[in-house]
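K.L.:
got a structure for you, letters missing:
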C-alpha cells in the first residue's frame, strides 16, 4: 500500500489557535532538541494488582519548558500540566521542582494487545511473551487523540496493515473547504517532514483511522487530531516493529481507574471530558465499592478529594495493610516454617561431636583461658569484647 486514502474522518491538519501559532518557533526547537530518557516499560503485576511505575521529581533548567520535560520522560502535555498546576508551562524557571507523573493504574479489562485510554490520552501495549517462562511486560506511551466532534472511535479493532513512510491524501471535506477559501493545497502529501502521519502508521480495520507518528510533537497529550491516535516520532519508531499485523486494539474511555498495590487501593482520576460529571463520579464510587471503599470514612474522604480535583496520578485511598507491607529482599515471610510471627525460634538441638582419631581437643588460643563448661555461650555472630 503506497498511499493512504482515508474514507471517514481521517487524520488531518487543523488551523492552529493564535497562542499555538505564536509558540511554533519554540516548539520547532523543542522537536529538534528534545529526546526522551526511555520508553516506560514495566513488568505486568500479578492478578489482583494493577499499579506500575513511580512518581518522580526533577529540577527544571533555565531553558526548559514543561513540554521539554514531558517529552524527556515520555509524557504528554495534559498530564504534565495536571501534575504541575502551579508551574508555568513555558517558563518553569531555574531550579523549579517539577512532578514527573510516571506512575499508572493499568486500564481495566484484558491485558493483551494494544489498549488506548482516551480519557488519559495514553496507550498501553502488552507484547506476547516469546517463551512460556518469560515475564510479561507492558509498554506505555502518551498519545494525541481526536478533538471534540471528531472523536477517536471507541471499541475493539485490529491492526490490519503496517505502512512505512506513508503518503497522506487530504480528505474531501478539507479539500472543499480549502477550495472555497481559495487556499492552495497539495491533494496528496508525500512522505517527509510535512506529512502529518509521520514515518510509520498502524492501520486499523475501521476505514480512515490509524495509530501513527506526527510532525507536530507538541500535540501529544492533547485533543487535536481528526480521530486518529498519534505518538511522538521516537515512540512510533520503537512501537512499530514490535506490533505484528493482527494485533487486537481496544480503545476505551475510562476517566477513573482503580488498582491495588501491596494491599493499598489507588484511584487515578482524569477530567471526564464528554461525560456527565455526576454519572462519572457514581461510576467511580461503584469501582471503589467493589474494592471495599465505601462511605463514610477516611478512605471515602480521600477518594472524594481525588474526584473533585483529578490529579492524573494514582492516589492512595486506603491505608497500608501491615501484613502486606513489602519486605526487604531475601527476607522470609512470617509462618513460612509453620511458626506464628512473634514466636521466638527454638534453640537448635545439641549434637555430639566426635573427633577423628589422633586429633587432640582444641585448647587455649593465644594465651586465652579455656572457659569452664558451665560458662554462658555467646550468641552466634556476636562481637568479642
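P.N.:
Alright, I've got the coordinates. Remember, predicted model here, so these are calculated numbers, not experimental data. Numbering: from 1, shown residues only.
K.L.:
just the helices from the stretch 151-300 of the chain, written as ranges.
P.N.:
172-181, 233-239, 277-290, 298-308 (DSSP state H, counting those that start in this stretch).
K.L.:
so where is the stretch 1-150 of the chain shaky, pLDDT-wise?
P.N.:
Counting by pLDDT under 70, the stretch 1-150 of the chain contains low-confidence residues at 1-39.
K.L.:
the helices in it, which residues?
P.N.:
Under DSSP H, counting those that start in this stretch, the stretch 1-150 of the chain gives helices at 18-22, 24-33, 66-72, 77-83.
K.L.:
before we move on, back to that, residue 105: which of the helices of the stretch 151-300 of the chain is closest?
P.N.:
helix 277-290 (10.5 Å; Cβ to Cβ). To be clear about C-beta, it is placed using only N, CA and C from the backbone, and glycine gets the same treatment.
K.L.:
and that closest one, what does it pack onto?
P.N.:
strand 256-261, strand 264-269, helix 298-308 (3 or more Cβ pairs under 8 Å, 6 or more residues apart in numbering; DSSP states H and E).
K.L.:
if we can go back for a sec, just say which of the helices of the stretch 151-300 of the chain is most tucked in.
P.N.:
Of the helices of the stretch 151-300 of the chain, the one with the most neighbours on average (mean count of other Cβ atoms under 10 Å) is helix 233-239, at a mean of 20.
K.L.:
so which elements touch that helix?
P.N.:
Short answer (3+ Cβ pairs under 8 Å, 6+ apart): helix 233-239 packs on strand 137-142.
K.L.:
contact partners of the strand it packs on?
P.N.:
For strand 137-142, the surrounding residues in contact (Cβ atoms under 8 Å, 6 or more residues apart in numbering) are 39-44, 52, 70, 74-76, 79, 104, 106, 111, 121-127, 220-221, 231-232, 235, 239, 242.
K.L.:
what comes up buried for it?
P.N.:
138, 139, 140, 141, 142 (16 or more other Cβ atoms under 10 Å).
K.L.:
about what we covered before: can you redo the helices and strands packed on helix 277-290 as JSON lines with distance to residue 199 and mean pLDDT?
P.N.:
Output for the helices and strands packed on helix 277-290, formatted as JSON lines (distance: least, Cβ to Cβ, whole Å; pLDDT from 0 to 100):
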{"stretch": "strand 256-261", "distance to residue 199": "32", "mean pLDDT": "90"}
{"stretch": "strand 264-269", "distance to residue 199": "32", "mean pLDDT": "89"}
{"stretch": "helix 298-308", "distance to residue 199": "39", "mean pLDDT": "68"}
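K.L.:
what would these look like in a markdown table with distance to residue 165?
P.N.:
Formatted as a markdown table, the helices and strands packed on helix 277-290 follow (distance: least, Cβ to Cβ, whole Å):
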| stretch | distance to residue 165 |
| --- | --- |
| strand 256-261 | 36 |
| strand 264-269 | 37 |
| helix 298-308 | 44 |
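K.L.:
how about the ones you listed, which one is nearest residue 66?
P.N.:
Using Cβ to Cβ, the nearest of these to residue 66 is strand 264-269, at 20.1 Å.
K.L.:
adjacent strands (with direction) for the closest one?
P.N.:
strand 256-261 (antiparallel), strand 315-316 (antiparallel) (DSSP bridges).
K.L.:
quick revisit: reformat the buried residues of strand 137-142 as a markdown table; add distance to residue 246.
P.N.:
Converted to a markdown table, the buried residues of strand 137-142 look like this (distance: Cβ to Cβ, whole Å):
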| residue | distance to residue 246 |
| --- | --- |
| 138 | 19 |
| 139 | 18 |
| 140 | 21 |
| 141 | 20 |
| 142 | 25 |
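K.L.:
tell me the one of those nearest residue 191?
P.N.:
residue 141 (22.0 Å).
K.L.:
buried only: go through the contacts of strand 137-142 for me.
P.N.:
Buried, going by 16+ other Cβ under 10 Å: 40, 42, 44, 52, 70, 74-76, 79, 104, 106, 111, 121-127, 220-221, 231-232, 235, 239, out of the contacts of strand 137-142.
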